[in-house]
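In: Quick one, fold the following:
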Amino acid sequence: MHDEAYPPVSRRPALSTSPRRTRRAALVLATLIAATIAPVGDAIADICKYADAEGAVHYSNLPPEKGWKKLGCTTSDGGSIPRSASATTARSSPTPSSFPRVDPDTQKGRDDVRRKVLAEELSTEEKLLTETRTLYADGAPVPLPEERADAEKYRTRIARLKQTVNVHERNIEALKKELAAIK
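Out: Have a look, this model is predicted:
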């Protein structure tokens, strides 16, 4: 006798769980998941750079707001997508006649000043890097008198010097890129 609240249980035979069948099912499942995720993953990974009406820069993987200008995109592998190759290029509009223009000589003067400032900054960074590398002494500087009794102070100073060397190296790399980008 069975209770109406609990319907009778079906007496179907159990499914076979052979290793071959399990592997096949896992392979089918993995293929379906990969096919579903792969196209979406690439689309989500593209990050684009936009400038709004006020000139503020924004980064997004979503379509831009109205009035934003696309400056470029970066792919998931770190490469950059040229503006002409991107799927949603911003429409180019003619420059308004009231838009201020800079004559070529003025722009050349500005570029020369910028180049000079960047060259001075590069020179300063290179000097600071040389000084810091000397103090760092390849990770084994001579301990200061107060550090001889306290090894932790010595390790802290070495870490700070190493970090400073890394900062100067990154600054030099960035300055060289900026100098190369000036027309």
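In: what comes up buried for the helix or strand hosting T132?
Out: Assigned by DSSP states H and E, T132 belongs to helix 104-136. Neighbour-count burial for helix 104-136, with 16 or more other C-beta atoms under 10 Å as criterion, is recorded at L118, E121, L122, E125, L128, L129, T132, Y136. Any C-beta I mention is one placed from the backbone N, CA and C, and that applies to glycine too.
In: from these, which single one is nearest N171?
Out: E125 (4.8 Å; C-beta to C-beta).
In: show me what contacts the closest one?
Out: Applying C-beta atoms under 8 Å, 6 or more residues apart in numbering to E125 gives the contacts H168, N171, I172, L175.
In: Report the backbone C-alpha coordinates of stretch 48-56 in PDB.
Out: Output of stretch 48-56 as PDB, limited to C-alpha atoms (Å, rounded to 0.1, in the frame of the first residue of the first chain):
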ATOM      1  CA  CYS A  48      38.500  50.700 -25.900                       C
ATOM      2  CA  LYS A  49      39.600  54.200 -25.000                       C
ATOM      3  CA  TYR A  50      37.100  57.100 -25.500                       C
ATOM      4  CA  ALA A  51      37.200  60.800 -25.000                       C
ATOM      5  CA  ASP A  52      34.000  62.500 -23.900                       C
ATOM      6  CA  ALA A  53      32.800  66.000 -24.900                       C
ATOM      7  CA  GLU A  54      34.900  67.600 -22.100                       C
ATOM      8  CA  GLY A  55      38.000  65.700 -23.100                       C
ATOM      9  CA  ALA A  56      38.100  63.300 -20.200                       C
END
